[in-house]
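Student: Below is the sequence, then the predicted model.
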Amino acid sequence: MSELKDRLKSDLTTAMKARDQVRTATLRMVLAAISTEEAAGSSQRSLGDDEIVKLLTREAKKRREAAEAFDKGGREEQAAAERAESEVISDYLPEQLTDDELAALVSDAVEETGAEGPRAMGQVMKVVNPRIAGRAEGKRVAAEVKRQLS
């Protein structure tokens, strides 16, 4: 079993003992999503830490988007609940890159590929995405690549 999954399970136990309802519900949801992902496909498999980080990133993004939608709909209470879940999930994600760090990684990838112009965006994204590995949102990365290629 992966180290991150073990940490999630032990933190769930701690949250249950502390009667922290938000953390308990969020960790249960995350562990259920992991179990679903492990059971998906033709055979049972165990997710590694990298795959769990991708899943957590996806779940955090869902929460942020839901909070925005609730805000637009005038449902502040649900938006706050979604944000609270997103904060719990983000505790398990790697620290996000600063704008300067992201710019440096993209710059290195542009130099490495020799890309010029917006049409080469795919080449640069192929090189830079594995280096970022969940430490920056895809939208931020794409915007930085586009900015540097323009």
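Tutor: Ah, there it is.
Student: CA atoms for contacts and neighbours, from now on please.
Tutor: Noted.
Student: residues touching the residue positioned nearest the centre of the chain, list them.
Tutor: Residue closest to the average C-alpha location in the chain (Cα atoms, centre = their mean): residue 57, at 1.6 Å. The neighbours of residue 57, taking Cα atoms under 8 Å, 6 or more residues apart in numbering as the test, are 90, 93, 134.
Student: Please produce TSV containing the residues you listed, extended by pLDDT.
Tutor: Listed next are those as TSV, based on pLDDT from 0 to 100:
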residue	pLDDT
90	88
93	85
134	72
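Student: Looking at those, which one is closest to residue 7?
Tutor: residue 93 (12.2 Å; Cα to Cα).
Student: How many residues are close by the closest one?
Tutor: 18 (other Cα atoms under 10 Å).
Student: which stretches of the chain aren't confidently modelled?
Tutor: 1 (pLDDT under 70).
Student: pretty sure residue 95 is touching residue 133, no?
Tutor: No. Counting by Cα atoms under 8 Å, residue 95 sits too far from residue 133 to count as a contact (10.8 Å).
Student: where's residue 119 relative to residue 132, distance?
Tutor: To residue 132, residue 119 is 21 Å away according to Cα to Cα, to the nearest Å.
Student: The two: which is more packed in?
Tutor: A count of neighbours by other Cα under 10 Å puts residue 132 above the other of residue 119 and residue 132, at 18 against 11.
Student: And the helices in the protein, which stretches?
Tutor: 3-17, 21-39, 49-72, 76-90, 99-113, 121-132, 138-149 (DSSP state H).
Student: quick one: contacts for residue 69?
Tutor: residue 79.
Student: Okay, it and residue 78: tell me how far apart.
Tutor: As judged by Cα to Cα, residue 69 and residue 78 stand 10 Å apart.
Student: now do residue 68
Tutor: Counting by Cα to Cα, the gap from residue 68 to residue 78 is 10 Å.
Student: So the two - more neighbours on which side?
Tutor: Ranked by neighbour count (other Cα under 10 Å), residue 68 and residue 78 place residue 68 first, with 18 against 15.
Student: distance of the closest residue to that one other than its chain neighbours from residue 13?
Tutor: Nearest residue to residue 68, sequence neighbours excluded (Cα to Cα, 6 or more residues apart in numbering): residue 79, at 7.0 Å. Residue 79 is 26 Å from residue 13, where distance means Cα to Cα.
Student: Alright, that wraps it up for me.
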